[in-house]
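Quick one, structure for this:
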Amino acid sequence: MNRPRQAESGVPVSTLTDSAHFGERDRANTAAVPDDGPEAAEIRTQEEVRARGDKTRQDQGPGESRVEEALETAAAMAEETGGLGTPGRPVNRRSPFMIGMLAAFGVAVAYGLIELIIGARSVLIIIGLALFVAAGLDPVVGWLVRHRVPRWAAVLVVIGCAAAVVAGFLAAAIPPLVSEATALAHQIPHYMHNLQDRNSGLGKLNVKYHIQDRLTKLITSRGGSLAGGVLGAGKLVLTTASSMLAIVVLSIYFLAGLPRIKVFAYQLVPHSRRPRAILIGDEILAKVGGYVLGNFITSLIAGLGTYLWLLAFGIPYPLLLGIFVALLDLIPVIGSTVGGAVVSLVALTVSLPVALATLAFYVAYRLAEDYLIVPRIMGRTVQVPAVVSLIAVLIGGVLLGIIGALVAIPIAAAIRLLLHEIAIRRLDKS
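All right, here's what the predicted structure looks like:
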């Protein structure tokens, strides 16, 4: 087979001939363009740019040349549309890649939300309890607003009444506690003298069980742990006080802006379902408000009954114990029972028959509250069976302690309403 003759440089002669031919043709074309002004110069500039672009594409790799082509296409598209071009074809969401990526993204978001809720649990509990208090006090504020009282004034009136109740409790509790602590401090030297006296009852116990030696050994060996316990108790008190302050402040803000909060929450619901969501939401808030007011009334009855009973039998600290029982009665099912047990123990300082009579009084009051007072005051508003209330209080107490027990019944009422209005109706129609 005949091969093309090569020059001394190793390049085929035909290639050199073709290059010379094309060079002569380009020079001829360039010479054919008359040098008659700016137009000819612009044409020559465009040809030079095009020639440099072709040479650049030959020097670059295949990927870079495609990028240069995309850049030129983008420039031409910008000139044609005057903007960012027209949107392309949407991504196929049914492709295996998109399905896997969306599933992984959903799992990551769910895991992040769970971690966020666990980490911010204490703050979320404070916010939820403040919303619960605001929703419970909103019926009183609404009643004042309907009687031509501005909402800010109604909120101030409700806050003032609540502050008066707290101040009354503190005024009743602090003086007896201070007097008892002072009396105990004055009696400590007398107790120490009796502890060393072998003829006294306390001295005989000290000789038999070595109480003084045990106390001295406990203080010397575990002084650091006792100090740590005192510091831990102080930290707990400060944390509780700060949480209570946060709940009070948030409750005031939520109570003042509750109408706007409800409007914002209803805006998150689709417009076609918004009227029904408004009706269900208002019904849930009405149940929460009715429960809080009814619970307050029953607690007031429990405290007043305790105060009158203690006055009648001469049991000490009637006002303090009455307020104490009223506050404990806010905890449903078990509150008044615990309060009655404490008052019965205090009644032992009078006599055993008085303590037994006090215990019988609280058993009777417990039955009267469950079957007479609570059904008449908030039975129509909450509409939760007794068994459901007991189960809800137990579950709420296990999950969130006293706070869970406080909010368990209205949450159970809200869940029951949602099941009746949404789930059960759909199941009946299916």
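
Hmm, I126 and A246 touching each other?
Yes: contact criterion Cβ atoms under 8 Å: A246 and I126 qualify, at 5.3 Å. For the C-beta atoms, the positions are set from N, CA and C on the backbone; glycine is no exception.

The two: which is more packed in?
I126 (18 against 15; other Cβ atoms under 10 Å).

Residue ranges of each domain in the chain, please.
37-81, 119-226+240-268, 274-430 (automatic domain parsing).

So which of those domains has the densest surroundings on average?
Most buried of the domains of the chain, by mean neighbour count (mean count of other Cβ atoms under 10 Å): domain 274-430, with a mean of 17.

if I pick V140, what's in contact with it?
A154, V158, L293 (Cβ atoms under 8 Å, 6 or more residues apart in numbering).

Quick one: classify L238 as helix, strand or coil.
helix (DSSP: H, G, I helix; E, B strand; the rest coil).

That should have said V91, apologies.
V91, by the three-state scheme (three-state DSSP), is coil.

again with the one 10 residues further on
Under the three-state scheme (three-state DSSP), M101 adopts helix.

Could I get the pLDDT score of it?
Note on M101: pLDDT of 88.

neighbours of it, just the number please.
Counted with other Cβ under 10 Å, M101 comes out at 11.

Which of the contacts of V140 sits closest to T240?
Closest approach to T240 among these (Cβ to Cβ): V158, at 23.5 Å.

which other helices and strands contact the host helix or strand of that closest one?
For V158, the element it lies in under DSSP states H and E is helix 151-196. Using 3 or more Cβ pairs under 8 Å, 6 or more residues apart in numbering; DSSP states H and E, the elements in contact with helix 151-196 are helix 121-146, helix 201-209, helix 211-221, helix 223-256, helix 318-328.

Tell me which of those helices lies nearest to K287.
Of those, nearest to K287 by Cβ to Cβ is helix 121-146, at 9.4 Å.

For the closest one, give the mean pLDDT please.
For helix 121-146, the per-residue pLDDT averages 88.

what's the answer for stretch 273-282, then?
89.

ditto for stretch 369-383
74.

starting at the chain centroid, how far to it?
Its chain's C-alpha centre and that of stretch 369-383 lie 30 Å apart, by Cα atoms, centre = their mean, to the nearest Å.

Span of it from start to end?
End-to-end distance for stretch 369-383: 16 Å, by Cα to Cα, to the nearest Å.

26 is where my numbering starts, stick with that
Right, with 26 as the first residue, what we last looked at is stretch 394-408.

neighbouring contacts of that stretch?
311-312, 315-316, 318-320, 322-323, 326-327, 361, 411, 434-435, 438, 441.

returning to that earlier point: could you dump the contacts of V165 into a markdown table and include distance to A103?
Output for those, formatted as a markdown table (distance: Cβ to Cβ, whole Å):
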| residue | distance to A103 |
| --- | --- |
| A179 | 61 |
| V183 | 63 |
| L318 | 67 |
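
out of those, who's nearest K260?
The closest of the contacts of V165, once distances to K260 are taken by Cβ to Cβ, is V183, at 32.3 Å.

distance of the closest one from L280?
V183 sits 7 Å away from L280, going by Cβ to Cβ, to the nearest Å.

which residues do those two both contact?
Common neighbours of V183 and L280 (Cβ under 8 Å, 6+ apart) are L162, V166.

so where's the stretch 276-425 of the chain uncertain?
Along the stretch 276-425 of the chain, the parts satisfying pLDDT under 70 run over 403-406.

Quick one: the helices in it, in order.
283-292, 299-338, 343-353, 360-372, 377-393, 399-407, 411-425 (DSSP state H, counting those that start in this stretch).

Can you say which of these is nearest to L202?
helix 343-353 (8.4 Å).

so L169 touches V182, yeah?
Yes: counting by Cβ under 8 Å, V182 is a contact partner of L169 at 6.4 Å.

Please identify every residue contacting each of those two.
What both L169 and V182 touch, as defined by Cβ under 8 Å, 6+ apart, is an empty set.

before we move on, back to that, going by distance to S204, which of the contacts of V165 wins?
Among those, and counting by Cβ to Cβ, the member closest to S204 is V183, at 33.4 Å.

That closest one contacts P164, doesn't it?
No: between V183 and P164 there is no contact under Cβ under 8 Å: 10.2 Å.

returning to that earlier point: now render the helices of the stretch 276-425 of the chain as a markdown table, adding distance to V132.
Putting these into a markdown table (distance: least, Cβ to Cβ, whole Å) gives the following:
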| stretch | distance to V132 |
| --- | --- |
| helix 283-292 | 28 |
| helix 299-338 | 29 |
| helix 343-353 | 45 |
| helix 360-372 | 43 |
| helix 377-393 | 50 |
| helix 399-407 | 39 |
| helix 411-425 | 26 |
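
Of the ones you listed, which is nearest N231?
Per Cβ to Cβ, nearest to N231 of these: helix 360-372, 26.2 Å.

Which residues does that closest one contact?
So helix 360-372 is in contact with 324, 327, 331, 335, 338, 340-342, 346, 349-350, 353-354, 356, 379-380, 382-384, 386-388, 390-391, 394, going by Cβ under 8 Å, 6+ apart.

redo that, cut-off 7 Å
For helix 360-372, the external contacting residues (Cβ atoms under 7 Å, 6 or more residues apart in numbering) are 327, 331, 340-341, 346, 349-350, 353-354, 379-380, 383-384, 387, 390-391, 394.
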